[in-house]
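Sequence first, predicted coordinates after that:
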Amino acid sequence: MTDKNLLYYGDNLDILRRYIKDESVDLVYLDPPFNSNQTYNVLFAEQNGSAAASQIKAFDDTWTYDEQAARAYEEVVQGPEGASKVIRAFRDFLGASNMMAYLANMAVRLIELRRVLKPTGSLYLHCDPTASHYLKILLDAVFGVGNFRTEICWKRSSAHSDAKQGRKQHGRIRDLILFYTKSDRWTWNTQFLPYDETYVSAEYRHISQDGRYYKETDLTAARPGGDTSYSWYVKRRTRGAAEWEPDFLEEFKRPKKGWEYKEVKPYIKRYWAYSKENLIQFWEEGRLIHRETGMPRLVQYAEEMSGVPLQDLWTDIPPVGAKASERLGYPTQKPEALLERIILASSNEGDTVLDPFCGCGTAVAVAQRLNRRWIGIDITHLAVNLIRTRLKDAFGDNAEFEVIGEPVSLPDAEALAKQDSWQFQWWALGLVGARPVEQKKGADRGIDGRLFFHDEGHGKTKQVILSVKAGHTTVQHIRDLRGVLDRERAEIGVLLTMQEPTKPMKAEAASAGFYESKGVGFAGHQYPRLQILSIEDLLQGKGVEYPSFRHSNVTFKKARKAEAPEKRRGKQLKMDEVL
């Protein structure tokens, strides 16, 4: 490993074993797909104004007990004793079920994740109640029962009804996040939430001379701590409405005329909570007042208080809504505030954060913003391309990272095409920043991807359609693409091909003429209507010719520009907003 941020394409189990060293990671967050009996689709909001959304089958999250699951099970059985016992008990209870497949595959990965964690490291596993009870037992076995810290409950949606298809049950609106540590010494930064408005208005009801709201706090304690055996001497003038003040010079021993003196001790069966030196410092800072009895009280201003220490019930972070500015269209996308809270609590600047199921990259994006190193792993090129685009939009050139596992040569690309045609297609489209289109069985319309752009003032969305071919290509493919171009009324068509184009293919493409832009900044520019790009061209950095700069390209929803993290500690409600 290097000091660079790293984004891996591949199976996270293989990546963990091949690349991630022992005790090299400070924080792991994982949100693994679960056996919910549905196909997750990556949804991208259309940029051309249509109501329908393009859907790409990113992964089918239904786990099945196959050879891979059986191998994972056998490996865990032969591994650490705790995990071995638990996984065998699961097998006896669950049999060769999909749930068993999920748990076996998770077990081998959790063992690796524990290995890569530093002794001071933490792991947060995000799941729903469907499998949380099994996962908690599994985590107990891998990390040790004594290293369980918290079961966080996150309210992920507002109230709704789950009484569908004859079901009679409560609405399900929460996720669980299981927090474990590698050892009994772990990185921890307490996070605070603002006080409840009712509490603030009731407690901070006094107003200082400079208009700040405050409360008075008792300076005594039930048990002694440190220097608590002293007496506190106070004095005040006998005329007028004078207030008590400390008698630092101990004038009570030689009283002056016109002054009243008093010795103050803690209440019965109580002790001073602070040393005498602390009380003197509080007075010098203007934070000490005295009651009529002479008893000192500490002034605490609402604006200076840290707030309520974070508890295990999180109801203040809403999900990524349909109109949220950070929404990218990924169905399981988690809000940045959720990851920010976890990363701030369990890591420090410069620490390394790992997400082995990084999806659309929320964890790595937040880690980047909070000045942490990060490692992301995903098994689809679709996700890798989405993360690459997200980081570029949010951080520009400030997001320096290396992508490992992608083809870097023509033989690599050929190997990927043979291994998985879908991954090859997503990878090729990603090289030109195109968005894959939904592919339905038996409904091939000659379009594998699209680029959308605006090049005129009225904002009309225009498009580039792309076709990806990994096999042998001929001039007929160019003719077919031209027909699709005319049918779709698209401005430009592009063929991405493994082979170098032949002369007849080039001639046929040239016969389609040019698209001439009339937009400001593009006026008079001509772009070939039909273009051919070989994989070799793409690897050398060549791209699609079309009217494109940051604001004209609207293929993907732009990730919002990254902002400096708010300092949660000490952030309080203003009293004039409460009262």
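Perfect, thanks for sending it. Numbers count the residues shown, from 1 in each chain.

how about Y214, phi and psi?
Main-chain torsions, Y214, degrees, to the nearest 10: phi -150, psi 170.

neighbours around it, how many?
Y214 has 22 neighbouring residues, counting by other Cβ atoms under 10 Å. All C-beta atoms are positioned from the backbone trio N, CA, C, and that covers glycine.

Report the contact partners of it.
Shown in contact with Y214 (Cβ atoms under 8 Å, 6 or more residues apart in numbering): 204, 206-208, 299-302.

now swap in Y9 and tell me
By Cβ under 8 Å, 6+ apart, the neighbours of Y9 are 378-381, 384, 403-406.

picking up where we left off before, okay, and which of the contacts of Y214 map to strands?
206-207, 299-301 (DSSP state E).

among the contacts of Y9, who's most crowded?
Neighbour counts for the contacts of Y9 were taken using other Cβ under 10 Å; the highest belongs to D378, with 28 neighbours.

Skipping adjacent residues, who's closest to that one in space?
Of all residues not flanking D378 in the chain, C358 sits nearest, at 5.1 Å (Cβ to Cβ, 6 or more residues apart in numbering).

wait, is that neighbour part of a strand?
No: per DSSP: H, G, I helix; E, B strand; the rest coil, C358 lies outside any strand segment and is coil.

Quick check: phi and psi on D537?
phi -60, psi -50.

do the same with K503
Torsion angles, degrees, to the nearest 10, at K503: phi -60, psi -40.

start the count at 467, not 1, going forward
Sounds good: first residue 467 from here, last item K969.

ok, the residue nearest to D844 touching V830?
Yes: when contacts are counted by Cβ atoms under 8 Å, C824 is listed as touching V830 (5.8 Å).

Overlap in contacts, the two.
Common contact partners of C824 and V830 (Cβ under 8 Å, 6+ apart): 473, 842, 853.

Now distance to H636 too, for the residues you listed, in TSV please.
Formatted as TSV, these follow (distance: Cβ to Cβ, whole Å):
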residue	distance to H636
L473	40
G842	35
I853	36
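
Sort out for me which of these are in helices.
I853 (DSSP state H).

For the shared contacts of C824 and V830, pick the one with the most neighbours.
Result: G842 is most packed of the shared contacts of C824 and V830 (other Cβ under 10 Å), 28 neighbours.

For K681, state which of the shared contacts of C824 and V830 is nearest.
For those, the residue nearest K681 by Cβ to Cβ is G842; the value is 45.7 Å.

Kindly tell me how buried the residue found closest to that closest one once you drop the neighbours it is linked to in the chain is, as a neighbour count.
Ranked by Cβ to Cβ, 6+ apart and with sequence neighbours excluded, the top spatial neighbour of G842 is C824, at 3.8 Å. Other residues lying near C824 total 27 when counted by other Cβ under 10 Å.

try T686
Number of residues near T686 (other Cβ under 10 Å) recorded here: 16.

Okay, and the beta partners of it?
Following DSSP bridges, T686 is listed with bridge partners W738.

For stretch 887-903, output the C-alpha coordinates as CSV.
Written as CSV, here are the backbone C-alpha positions of stretch 887-903 (Å, rounded to 0.1, in the frame of the first residue of the first chain):
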residue,chain,number,x,y,z
SER,A,887,-19.3,-8.7,-21.1
TRP,A,888,-21.4,-6.4,-18.9
GLN,A,889,-18.4,-5.3,-16.9
PHE,A,890,-16.5,-4.7,-20.2
GLN,A,891,-19.3,-2.6,-21.5
TRP,A,892,-19.6,-0.5,-18.3
TRP,A,893,-15.8,0.0,-18.2
ALA,A,894,-15.6,1.1,-21.9
LEU,A,895,-18.5,3.5,-21.4
GLY,A,896,-16.9,4.9,-18.3
LEU,A,897,-13.7,5.8,-20.2
VAL,A,898,-15.8,8.4,-22.2
GLY,A,899,-18.0,9.4,-19.3
ALA,A,900,-21.1,7.9,-20.8
ARG,A,901,-24.1,6.6,-18.9
PRO,A,902,-25.2,3.0,-19.5
VAL,A,903,-28.7,2.4,-20.5
